[in-house]
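[1] Just the structure for this:
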Amino acid sequence: MTRSREPNKTFYGLQALRAIAALLVVLTHCIYLWYDRVLHQPDALYWMNGAAGVDVFFVISGFVMTVSLAGLQKHTHPIRVFLQRRLTRIVPLYWLATTLKIALVILVPVFAVHKALTIPNTLGSYFFWPTENAKGEILPVIVVGWTLNFEMFFYMMFALSMTFKRRFFPVLYCLLAGLATMQLFYKPSWPSVTVFASAMLLEFLFGVLIARAAMAKRLPGPKASWTLLAVGLFAILVFCPHLPNDPYWLERRFLVWGLPAAAIVLGASGLEGSMGARIPRWLISQGDASYAIYLVQTFVLPVVGVAATTLALNGIPALAFCIAAGLSLSAIAGEVAHRFIEKPILAFLKNNQQKGAGVAA
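    Numbers count the residues shown, from 1 in each chain. Purely as a prediction, here's the structure:
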């Protein structure tokens, strides 16, 4: 490990990784779409490695939250500010997407892959609370929202740890490691909320540790960083198959995908000083829109599936169409949603919060 320069407020390498992670998830869903809508084999074994983009997101989240911690200390009520910022960032677009999904299921079910709704599951989806859907799966109305449930839970653990002030890091480590250990004793009969007792929480912890290394100026040098990036990407893309119906998969995921994701984030952080400024602006822009891309794929991909069947495409041409159309349209729709929906909403809420703070002062 070598000493690096002071970390930037924005890690452009991590912004690029956000874009890549989101598109990897979309890619896996495009392949599933082909199996489901064209081949009519929704339970077939297929390339699911792109789902590891979620693990990259979790590591980045732990990193970003930790880096933001220092700036929170200047506020009179840092915990309130932290939670307010996180809720403002996550909730509006997700609630909007959830409401739109419910409307589509009711009004235009052909454009929805998961069509069944229940009142408990719908309410749980809005409040990031794990509940069973109509199929008995612990998934929200927008299926990819399960990751946001984990994000929100991590924020709660982060905020709880902040109450201990100088003991923040030991408390956070104990909370995440303790909950992860509980997965060893997990039984399907446990309540739905115990899904949070998962070793995947260790992926957030990986990000926390990498951020602390960055703030201490103890990041890998260029050669080691490139090696970490290459090995991490290779492991995720080639050697990490997600086996359906494997009861031990979730117990191993933090090792099989989480550790490579941590290597990728650590490598990207180590290269920030030499490569950050060289990253193309369009990729940074896609990173800014990654949250929107992640959500809007829910609406784009069913349309792509309907188009593939309408055009009577089969075999490899159908797969190529699903991937090309799914990736490009999700990227474009995500960019549009980010610029014209997400950013205006965030600006409006931020302005109102600042006015409220002024009145309170």
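[2] what bits of this structure have low per-residue confidence?
    1-9, 113-114, 240-250, 355-361 (pLDDT under 70).
[3] and if we set it to 80?
    1-10, 110-116, 188, 239-251, 353-361 (pLDDT under 80).
[4] what ranges do the helices span in the stretch 1-150 of the chain?
    12-33, 53-72, 78-107, 119-126, 146-162 (DSSP state H, counting those that start in this stretch).
[5] And the ones you listed: which comes nearest Ser290?
    Within those, the stretch nearest Ser290 is helix 12-33; the backing value is 3.9 Å (CB to CB). All C-beta spots, glycine's among them, are computed from the backbone N, C-alpha and C.
[6] packing partners for the closest one?
    Secondary-structure packing of helix 12-33 (3 or more CB pairs under 8 Å, 6 or more residues apart in numbering; DSSP states H and E): helix 53-72, helix 259-270, helix 272-275, helix 281-288, helix 290-310, helix 315-337.
[7] again, 6 Å this time
    Under the contact criterion of 3 or more CB pairs under 6 Å, 6 or more residues apart in numbering; DSSP states H and E, helix 12-33 touches helix 53-72, helix 259-270, helix 281-288, helix 290-310, helix 315-337.
[8] list the buried ones in it?
    Buried residues in helix 12-33, counted by 16 or more other CB atoms under 10 Å: 12-33.
[9] before we move on, back to that, could I get the helices of the stretch 1-150 of the chain in JSON lines, plus columns for distance to Ala262?
    JSON lines is the format used below for the helices of the stretch 1-150 of the chain (distance: least, CB to CB, whole Å):
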{"stretch": "helix 12-33", "distance to Ala262": "12"}
{"stretch": "helix 53-72", "distance to Ala262": "5"}
{"stretch": "helix 78-107", "distance to Ala262": "22"}
{"stretch": "helix 119-126", "distance to Ala262": "29"}
{"stretch": "helix 146-162", "distance to Ala262": "15"}
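[10] out of the ones you listed, which comes closest to Ala325?
    Using CB to CB, the helices of the stretch 1-150 of the chain put helix 12-33 closest to Ala325, at 8.2 Å.
[11] starting at the chain centroid, how far to the closest one?
    Computed by CA atoms, centre = their mean, to the nearest Å, the chain-centroid distance of helix 12-33 equals 10 Å.
[12] Reformat the helices and strands packed on helix 12-33 as JSON lines; add mean neighbour count and distance to Leu202.
    As requested, these are arranged in JSON lines below (neighbours: other CB atoms under 10 Å; distance: least, CB to CB, whole Å):
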{"stretch": "helix 53-72", "mean neighbour count": "23", "distance to Leu202": "9"}
{"stretch": "helix 259-270", "mean neighbour count": "26", "distance to Leu202": "9"}
{"stretch": "helix 281-288", "mean neighbour count": "16", "distance to Leu202": "24"}
{"stretch": "helix 290-310", "mean neighbour count": "22", "distance to Leu202": "22"}
{"stretch": "helix 315-337", "mean neighbour count": "18", "distance to Leu202": "28"}
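[13] These: which one's closest to Arg167?
    The nearest among these, by CB to CB, is helix 53-72 at 13.5 Å.
[14] which helices and strands does the closest one pack with?
    By 3+ CB pairs under 6 Å, 6+ apart, helix 53-72 packs against helix 12-33, helix 78-107, helix 201-215, helix 259-270.
[15] 7 Å - rerun?
    Under the contact definition 3 or more CB pairs under 7 Å, 6 or more residues apart in numbering; DSSP states H and E, helix 53-72 sits against helix 12-33, helix 78-107, helix 146-162, helix 201-215, helix 259-270.
[16] Including distance to Gly221, could the ones you listed go into TSV?
    Below are the helices and strands packed on helix 53-72 laid out as TSV (distance: least, CB to CB, whole Å):
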stretch	distance to Gly221
helix 12-33	15
helix 78-107	33
helix 146-162	30
helix 201-215	13
helix 259-270	7
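[17] Which one of the ones you listed lies nearest to Gly136?
    That would be helix 146-162 among the helices and strands packed on helix 53-72, by CB to CB, at 14.5 Å.
[18] Name the surrounding residues that touch the closest one.
    The contact list for helix 146-162, computed with CB atoms under 7 Å, 6 or more residues apart in numbering, reads 54, 57, 61, 65, 78-79, 82-83, 86, 90, 94, 128, 130, 139-140, 168, 171-172, 175-176, 196, 200-201, 204.
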